[in-house]
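>>> Task: produce atomic coordinates for the following.
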Amino acid sequence: MRDKTQTNSAAPGDRLIRAGAVVFLIGTVATVVTVAPLFLGSTPFPTYMFLLSMLMGVGFLIAGVGVYQGAAAGRRQARAVSSSASGTAAR
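Reported below is the predicted structural model:
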């Protein structure tokens, strides 16, 4: 039996997961840039760079919300399929 889901269709939460990954990567780069002067013995960066490092956690949270939305959509779809299947079985 052929799968009905298209490979290029976006599931609920996919955009949030991608956005979270981008924000996480920006935070990762900011963290590496912020920590590098500590190892190189140069002048530390200003406070805003430390605040940009917080984007790692924000990106992780955004991606987590996307995963939760995708799981909730999957549960709703499974309930719809099981309720329609049980309705046809009762006939």
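
>>> ok, the residue most central in space within the chain - contacts?
By C-alpha atoms, centre = their mean, the mean C-alpha position of the chain lies nearest to A63, the distance being 1.8 Å. By C-beta atoms under 8 Å, 6 or more residues apart in numbering, the contact set of A63 is 16-17, 19-21, 24. Bear in mind the C-beta positions are built from the backbone N, C-alpha and C, glycine included.

>>> and with 6 Å instead?
With contact taken as C-beta atoms under 6 Å, 6 or more residues apart in numbering, A63 is in contact with 17, 20.

>>> Next, the buried residues of the helix or strand where it lies.
Following DSSP states H and E, one finds A63 within helix 55-89. By neighbour count with 16 or more other C-beta atoms under 10 Å, helix 55-89 contains the buried residues 55-56, 59, 62-63, 66, 69-70.

>>> and that helix, average pLDDT?
Throughout helix 55-89, pLDDT has a mean value of 86.

>>> Show me how far it is from its chain's centre.
Averaged C-alpha coordinates place helix 55-89 at 13 Å from its chain's average position (C-alpha atoms, centre = their mean, to the nearest Å).

>>> What distance do you get for P44 to L51?
P44 sits 14 Å away from L51, going by C-beta to C-beta, to the nearest Å.

>>> scratch that, R15
25 Å.

>>> repeat for G70
Distance from G70 to L51, by C-beta to C-beta: 30 Å.

>>> Ok, A19 next?
Where L51 is concerned, A19 sits at a distance of 19 Å (C-beta to C-beta).
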